[in-house]
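1. Sequence plus the predicted model coming up.
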Amino acid sequence: CCNCHLITFTNTAARAKQMVVQHVNTGLDLSDNHFDLQMPGGGLGIFDGCSKQFGVDASTCARYGGVSKVEDCNNLPPVLQTGCRWRFEW
């Protein structure tokens, strides 16, 4: 727990981009070489705590993968919208 890692993406639109992430937990729902990136609009995941915390209607985004286009970020609470748009405009 709590280690930081520099990730270099090797495929898709993020190819060659880098991100520093911090490992903060382990989950029984994850397999080897698998981890989740938590970001606004990224999906609620198996243990949805964000819907209650931010008053988000869980039906507005996919449980896994989250919103599918940048315009959908506008459906989130204002405090989450900038972080959600980062995912698409990075």
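-> Cool, got the structure. Numbering: from 1, shown residues only.

2. For the longest helix along the chain, which outside residues touch it?
-> Longest helix in the chain by number of residues, with DSSP state H as the criterion: helix 78-89. For helix 78-89, contacts defined as C-beta atoms under 8 Å, 6 or more residues apart in numbering pick out 39-42, 54, 66-67, 69-70, 72-74, 76. Yep, even glycine has a C-beta here, placed from its N, CA and C like the rest.

3. Kindly supply the PyMOL command isolating those of those that are buried.
-> Remark: buried members of the contacts of helix 78-89, expressed as a PyMOL selection using 16 or more other C-beta atoms under 10 Å:
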select buried, resi 40+41+42+66+67+72+73+76
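
4. just checking, which of the contacts of helix 78-89 belong to helices?
-> residue 54.

5. farthest pair in the contacts of helix 78-89?
-> The most widely separated members of the contacts of helix 78-89, counting by C-beta to C-beta, are 54 and 69 (19.8 Å).

6. Now the lowest-mean-pLDDT helix or strand in the chain: buried residues?
-> Lowest on mean pLDDT, DSSP states H and E among the helices and strands of the chain sits helix 50-54, with a mean of 74. Across helix 50-54, burial judged by 16+ other C-beta under 10 Å covers residue 50.

7. What are the boundaries of the strands in this protein?
-> 4-8, 18-22 (DSSP state E).

8. mean pLDDT for those strands: which is lowest?
-> For those, mean pLDDT drops lowest on strand 18-22, to a mean of 84.
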